[in-house]
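Novice: With the sequence up front, the predicted model follows.
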Amino acid sequence: MKKLKFLILIFLLILITSPIYSVESTDKAGTLPSAGFLKISLDPRGFAMAEAGTAFGETLAAGIFYNPAALGRLKKSEFSLGSFYFLAPEINMEYVGLAQNFGDIFTIAFGVIQCDTGEQERTDVSGSVLGTFNNKSSATFFSFGGMYGPGFYFGFGIKYIEESLAGKYGKTVTSDMGIIYIPPTFDRLGFGFSMINIPIAQPIQFIEEKTKVGSTFKLGWFIKAIDSEELVWTFVMDNNIPSDGRFQLNLGMEFNFYNFLYIRAGDKIVGYDLNEATFGFGLGLSEDMSLDYSYSTRPELGATHRFAFTLRFGKPKEVKVDTSELDKLKSELDEERRRLADEDARKQIEDEARQRQLLADQEKQRELLAAQQKLLEEERKRLEDAKLKASEDENIEIREDSRGLVLNLVGINFASGSAAIPQSAYSSLNNAASIINSYPNVQIRIEGHTDSIGAEALNQQLSHKRAEAVKNYFIRNAGIQRSLISAFGYGESKPIASNDTEDGRFRNRRVEIILLTGSQADSYIDAPTYYEEPAPYYEPPEPTYTEPEPTYESSSGEYTVFVGSHKTIDAANREIQKLQSLGYSAVYVKVNIPGKGIYYRIKVGSYDKETADQIKSDLESKGMGAWIKH
């Protein structure tokens, strides 16, 4: 804050005192532009790089000719002396300057620039020589610069200019102002902006016109492509916008070898009548002493040479900068880096865990596939063995359907109206039991069937009894668990051949053994049979409601088992599928209830009273609401 107040005070002082220097010049002295010599740079280092020194300057000469903010970058006090020579015509220019460094506060500099164009002849309009005269110009400068924030440099300067032209005299005052910014976190890059020769007093008047000093606005940058102890390779660029000329673009570079030998080159490529290539070198004679030289040539001026000697003295300034914000930012960046590193590590651990899990899953999948393949191979082997055993017994037919493996005992002839197994069938039943035992823990359905001879109700009862007889035979003689086997009678409802022939009726009088293997049993659905039945004397319940069991007398006749009633066919079919998954064959019966409409009642079948009671009890144990109608 103190530095900023000091800058404001200096600036106000210049504005207040500028009228003092605005004295009138002797009139009628000529028409040439004033202070043109200030457009010529005497800094050989900057000139060798095509005068691209707005951002890269860090010497007293750079602070004089390009950007006063360069004074803020001086590390020591500095004395500089430079000369410039045109061989034809003979023009000599010199400058001398001294910069005093005040540590981290600022640096002030003062000095003189002089230009002598030599002795010239005075002539009249006819060309007659009237005598000789000398044209001389000079500028006394006072500048200061300092660092006013991390990487931020500011500079300001004043020039008091005097000129004589053909014996006439004039004077004026101009100012310079500039800034340089070099990011503290990346000091290989820098930017600069300056305003040079800004008039702050009345212009010099020659003859009838007042001519202002030509001002120039400069914008530049530099970047160090290589920055090592052995070599520093820097690119520089300046954009110049003169008030009395065209936009100009200058490019240059410098090679610094061990801070001893400096090779520089540049080119003024835009805004000039002719491109001007520049070249130069520098020698670091010691840590505090250096010598610089630059060379260029132009057709109208010939070869030009610039020399400068620089001597540094005093202690290096100790720059005290408040780095608390930078330290805070660095701490936040470090914390963010640690967080990102932890996040990357966590992601890596998770990725590795996922990869291990994937490999484990793949291995498990391979093991499951191998196990399934083994099971399929065993199933195929059991099926081949079963078919082989069945082929050895003419009374056993074997096939596969959607329910599983079906053994059809076609050669067992029960006595008419009897459910007793004939002794001649024992051998075939034992062979069937051998096939069944090769499928351990598989649910087994025993289904009895008859031909169409006789009453349907009697055939139904008889088929169920014969299925029960085969079931009990397997339990007693083949060691099959009772929980794995169930018996059902279908009477004449499922023929596999025509009942019009003796051979067909013989094939229909059969007992089928179904091994419900895998998921085939769950996906098996019997096609429902549709037929009308008279409406009951009461309304059947909804699917989730268990209809009360009606009373009946223990007398002969059919006992029909029902399970629920539904308003839609889809709901009825779902109930039928559920019953089939439990091993029951079921159909729905369409009934018309007066005042209620059409309902679909699920009919399991008609049996004798003992069988009906057994089926009802089994269904109730499995969560199905069943009732019996007599």
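Specialist: Received the coordinates, thanks.
Novice: Only C-alpha atoms from now on, for both contacts and neighbour counts.
Specialist: Fine.
Novice: Quick one: mean pLDDT for stretch 439-448?
Specialist: For stretch 439-448, mean pLDDT is 89.
Novice: my bad, stretch 77-88
Specialist: 82.
Novice: Can you tell me what sits against the host helix or strand of residue 506?
Specialist: Using DSSP states H and E, the element containing residue 506 is helix 502-508. By CA atoms under 8 Å, 6 or more residues apart in numbering, the surrounding residues in contact with helix 502-508 are 410, 449, 450, 451, 452, 492, 495, 496, 497, 498, 499.
Novice: what sits against residue 231?
Specialist: 255, 256, 257, 258.
Novice: Quick one: the strands in the stretch 351-500 of the chain, in order.
Specialist: Remark: strands assigned in the stretch 351-500 of the chain by DSSP state E, counting those that start in this stretch are 396-401, 404-409, 443-449, 485-489.
Novice: which stretches of the stretch 501-630 of the chain aren't confidently modelled?
Specialist: 518-557 (pLDDT under 70).
Novice: Quick check: next helix or strand after the lengthiest strand in the chain?
Specialist: Assignment by DSSP state E gives strand 129-147 as the longest strand of the chain. Past strand 129-147, further along toward the C-terminus, the next helix or strand under DSSP H and E is strand 152-165.
Novice: That next one pairs with which strands, parallel or anti?
Specialist: strand 129-147 (antiparallel), strand 168-181 (antiparallel) (DSSP bridges).
Novice: Give me the pLDDT for the nearest residue to residue 516 once chain neighbours are set aside.
Specialist: The shortest distance from residue 516 to any non-neighbouring residue, by CA to CA, 6 or more residues apart in numbering, is to residue 404 (4.9 Å). Note on residue 404: pLDDT of 85.
Novice: Give me the distance between residue 404 and residue 517.
Specialist: Remark: distance between residue 404 and residue 517 (CA to CA, to the nearest Å) = 5 Å.
Novice: Surely residue 435 touches residue 388?
Specialist: No - in this structure, residue 435 is not within contact of residue 388 by CA atoms under 8 Å, at 9.9 Å.
Novice: When the two are compared, which one has more neighbours?
Specialist: It is residue 435, of residue 435 and residue 388, that has more neighbours when counted by other CA atoms under 10 Å, with 20 against 13.
Novice: dump the residue contacts of the more buried one.
Specialist: Applying CA under 8 Å, 6+ apart, the residues near residue 435 are 385, 386, 389.
Novice: can you do 6 Å?
Specialist: Taking CA atoms under 6 Å, 6 or more residues apart in numbering as the contact definition, residue 435 lies against residue 386.
Novice: before we move on, what about residue 74?
Specialist: So residue 74 contacts residue 58 (CA under 6 Å, 6+ apart).
Novice: Any chance of the backbone angles for residue 332?
Specialist: Torsion angles at residue 332 (phi, psi; degrees, to the nearest 10) stand at phi -70, psi -40.
Novice: residues near it, how many?
Specialist: 12.
Novice: measure it to residue 339 for me?
Specialist: Taken as CA to CA, the span from residue 332 to residue 339 is 10 Å.
Novice: ditto for residue 578
Specialist: Counting by CA to CA, the gap from residue 578 to residue 339 is 58 Å.
Novice: which of the two has more neighbours?
Specialist: Using other CA under 10 Å, the more surrounded residue of residue 578 and residue 339 is residue 578, with 16 against 12.
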